[in-house]
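In: Build me a model from this:
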Amino acid sequence: MALQTVFFWILGILAIAGAVGTISARNPVSSAMALVFHFFMLAGLYLTLQAEFIAVLQVLVYAGAIMVLVIFVIMLLNLGNEEKLKEGSSMRKISGYALGSLLTATFFIILIFSDSDMTMLPNTAVAAGSVEQLGRILIQDYLFHFEAITLILLVAVVGALILARKKPSDKNLRGEY
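Out: Numbers count the residues shown, from 1 in each chain. Here you go, the predicted model:
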């Protein structure tokens, strides 16, 4: 077994552990930190797949910018009463564990009985992870989609600013504080 395959499996198991930590943590800040750990493990997985640019973007965009926003939202919500966050039904837990176990068993059955060699990357995978190839695909094939996402994000930011703006009260309009 190649060293790259060993690293892939180690990082994959750690990524799954980070994901489980994200959904099982009771404290929202602990859950967010487990998600940051998961994002770093995903970046490591991208490195084992020879997609260096996507790994750097994973760290900068998701583990950096997005998680800062998530932490700010958690702090702004001021989740003081955690009794409201507890699950009321044990049936949801049982069905969640059953579905998760079924998904894990299916994954391992496919992995064990698969005839193809899943450790080898196709020759095109190395080129697809490069900055040049990613830029070419983005500009030539998906320019409209890229620009549409840009406009949707702009509308979301403007909408968030409008919703977060404080309404002026009558006292403030008269100059009273």
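In: And the helices in the protein?
Out: 3-24, 28-48, 52-57, 67-77, 90-113, 123-128, 131-140, 143-164, 170-173 (DSSP state H).
In: just these: most buried one?
Out: helix 28-48 (a mean of 19; mean count of other Cβ atoms under 10 Å). The way it works is simple: take the backbone N, C-alpha and C, and place the C-beta from them, glycine included.
In: Using TSV, lay out the helices of the chain together with mean pLDDT.
Out: Below are these laid out as TSV (pLDDT from 0 to 100):
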stretch	mean pLDDT
helix 3-24	89
helix 28-48	89
helix 52-57	85
helix 67-77	76
helix 90-113	79
helix 123-128	64
helix 131-140	80
helix 143-164	83
helix 170-173	55
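In: Just to check, Val70 is in contact with Met33?
Out: No: assessed by Cβ atoms under 8 Å, Val70 is found out of contact with Met33, at 10.3 Å.
In: between these two, what contacts are shared?
Out: Common neighbours of Val70 and Met33 are not found (criterion: Cβ atoms under 8 Å, 6 or more residues apart in numbering).
In: tally of neighbours for Ala51?
Out: 21 (other Cβ atoms under 10 Å).
In: Pull the contacting residues for Ile13.
Out: By Cβ under 8 Å, 6+ apart, the contact set of Ile13 is empty.
In: The closest residue to Ser30 other than its chain neighbours and Gln50: what is the separation?
Out: The spatially closest residue to Ser30, leaving aside those adjacent along the chain, is Gly21, at 7.8 Å (Cβ to Cβ, 6 or more residues apart in numbering). Using Cβ to Cβ, to the nearest Å, we find Gly21 at a distance of 28 Å from Gln50.
In: and what of Ala25?
Out: Distance, Ala25 to Gln50, by Cβ to Cβ: 32 Å.
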